[in-house]
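In: here is a sequence together with a model predicted from it:
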Amino acid sequence: MHPEILVVDDDRMYAQNLAEWLRNRMPQEVAHTDDKDEAIELVKSTYVRVAILDQRMRRKLGMDGTELAAEIRTIDERIRVIILSGESDVRDYQKSNELRLRHLVKGDDEALLREIRLARQQYLLDLERGAETKAEVIGHYRPRVFFRGPAVVFKKLVEEYVSTTPEVDEHDFRTLVHVNAGQTVTEAQISTFGHEIEIEEESTRQLEATGLFREVVIAQLTTSLKSAIRERGRTIVTRQEQHSSEQRFEVPEKDQTEGVVAFAIQEAPLYHRKRALIQVSCECCGHQDVVTVGFREPSGQIRRRRVDYLTDNKQRITDIGTR
């Protein structure tokens, strides 16, 4: 999930209902929570551009909406915040004004929807202005019938980390060797990893859900982005690493007494989660939009682990290290 809109309210049912109402009226992903820590984590790890916060949340969350807004701004000062409250007094409005936040009364959902759309547009305009000098055209799509006619142009405005800590996907682990108790295995281990950019499937689905782009345009956009990143980091992305060694494996007697009936050595590549903001412009009609594409870029590191299979059908996983 990569929400652009975040609803935070100590009344979980209200947050859920408002989020659902917004989902039915906007193509962007909407998340909701009644937990402060979850809200902060969503801001850190996803694509939140507009946050709608209830003001009176101190009793349950330990802080009010304006305090949470200030904390969100320390993570990303570009995020637009809208404060909602049904019991606001003058002091609440003063706090909102000090932080330059929009403050609306709960209940007027149509007014809120207008504010969200405006806030999102302002966020994107700020990004475009800030990225103007570094923006690069990464590709275009032109229908085959128009060899020299108007095209849809893709311009990368921003490329940034979602998480600076390399991550591993559980599905990427593969087994190098598997040894049963009482068995001795000598293996010539050869591990080869080809490094490739992976576009997140969710990003593709969200582009399709907007209804603004044909499948062929989305395919060309993601292909252009992968090519641009591959060219920029060619030495990391396109090379293949091959490591080989011969090693003898067996389940130690001590492990067998602890209930280990077999073990496996597995490894997987580490990736950085990143996102790119792409400006899509149609030369025919002049329409422009900014879309977010999430992707995984290889870090060049490999994580290795040992998986012990126990007599009670459970598994015990031990991290061996990263290289």
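Out: It's in.

In: which strand or helix spans His178?
Out: Using DSSP states H and E, His178 sits within strand 174-180.

In: tell me the strands beside that strand, with direction?
Out: strand 260-282 (antiparallel) (DSSP bridges).

In: I'd like the next helix or strand past the strand it pairs with.
Out: Per DSSP H and E, the first helix or strand lying C-terminal to strand 260-282 is strand 288-310.

In: avg pLDDT for that following strand?
Out: Averaging pLDDT along strand 288-310 gives 86.

In: likewise for stretch 198-211?
Out: What stretch 198-211 shows for mean pLDDT is 76.

In: then it to PDB, C-alphas only?
Out: What follows is stretch 198-211, C-alpha atoms only, in PDB (Å, rounded to 0.1, in the frame of the first residue of the first chain):
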ATOM      1  CA  GLU A 198      11.900  -4.100 -10.200                       C
ATOM      2  CA  ILE A 199       8.900  -1.800 -10.600                       C
ATOM      3  CA  GLU A 200       6.400  -2.400  -7.800                       C
ATOM      4  CA  GLU A 201       3.200  -4.100  -9.000                       C
ATOM      5  CA  GLU A 202       1.200  -1.800  -6.800                       C
ATOM      6  CA  SER A 203       2.500   1.200  -8.600                       C
ATOM      7  CA  THR A 204       1.400  -0.200 -11.900                       C
ATOM      8  CA  ARG A 205      -2.100  -1.100 -10.500                       C
ATOM      9  CA  GLN A 206      -2.500   2.500  -9.200                       C
ATOM     10  CA  LEU A 207      -1.600   4.000 -12.600                       C
ATOM     11  CA  GLU A 208      -4.200   1.700 -14.200                       C
ATOM     12  CA  ALA A 209      -6.700   2.700 -11.500                       C
ATOM     13  CA  THR A 210      -6.500   6.400 -12.400                       C
ATOM     14  CA  GLY A 211      -8.100   5.700 -15.800                       C
END
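
In: in it, what's buried?
Out: Buried residues in stretch 198-211, counted by 16 or more other C-beta atoms under 10 Å: 199-200, 203-204, 206-207. (Each C-beta comes from the backbone N, C-alpha and C, glycine too.)

In: quick one, phi/psi of Thr257?
Out: phi -70, psi -20 (degrees, to the nearest 10).

In: and it, how far is that from His178?
Out: Distance of Thr257 to His178, computed by C-beta to C-beta, to the nearest Å: 21 Å.

In: what's the answer for Glu202, then?
Out: From Glu202 to His178 the distance is 33 Å (C-beta to C-beta).

In: do the same with Arg120
Out: In terms of C-beta to C-beta, Arg120 sits 51 Å off from His178.

In: again, but for Met57
Out: Met57 sits 51 Å away from His178, going by C-beta to C-beta.

In: same check, this time on Ala276
Out: From Ala276 to His178 the distance is 39 Å (C-beta to C-beta).

In: between Thr257 and His178, point out the one with more neighbours.
Out: Taking other C-beta atoms under 10 Å, Thr257 and His178 do not tie; His178 has more neighbours (16 against 8).

In: dump the C-alpha coordinates for the helix or strand hosting Thr318 into PDB.
Out: Assigned by DSSP H and E, Thr318 falls within strand 315-322. Extracted in PDB, the C-alpha atoms of strand 315-322 (Å, rounded to 0.1, in the frame of the first residue of the first chain):
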ATOM      1  CA  GLN A 315      11.700 -23.400  11.900                       C
ATOM      2  CA  ARG A 316      14.500 -21.400  13.500                       C
ATOM      3  CA  ILE A 317      16.100 -18.800  11.300                       C
ATOM      4  CA  THR A 318      19.600 -17.400  12.100                       C
ATOM      5  CA  ASP A 319      21.100 -14.600  10.100                       C
ATOM      6  CA  ILE A 320      24.600 -15.500   8.900                       C
ATOM      7  CA  GLY A 321      25.600 -12.200   7.500                       C
ATOM      8  CA  THR A 322      25.700  -9.800   4.600                       C
END
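
In: strand 260-282 and that one, what's the angle between them?
Out: Counting by axes from the mean of the first three to the mean of the last three C-alpha atoms, to 10 degrees, strand 315-322 lies at 60 degrees to strand 260-282.

In: also compute the angle for strand 315-322 relative to strand 288-310, please.
Out: 120 degrees.

In: and strand 315-322, what does it pack against?
Out: Secondary-structure packing of strand 315-322 (3 or more C-beta pairs under 8 Å, 6 or more residues apart in numbering; DSSP states H and E): strand 260-282, strand 288-310.

In: buried stuff in the last one?
Out: By neighbour count with 16+ other C-beta under 10 Å, strand 288-310 contains the buried residues 290-300, 302-305, 307-309.

In: strand partners (parallel or antiparallel) of that strand?
Out: If you go by DSSP bridges, strand 288-310 pairs up with strand 198-199 (antiparallel), strand 260-282 (antiparallel), strand 315-322 (antiparallel).

In: mind listing the helices for the stretch 101-250 of the chain?
Out: All helices of the stretch 101-250 of the chain, identified by DSSP state H, counting those that start in this stretch, fall at 109-131, 201-209, 215-232, 234-237.
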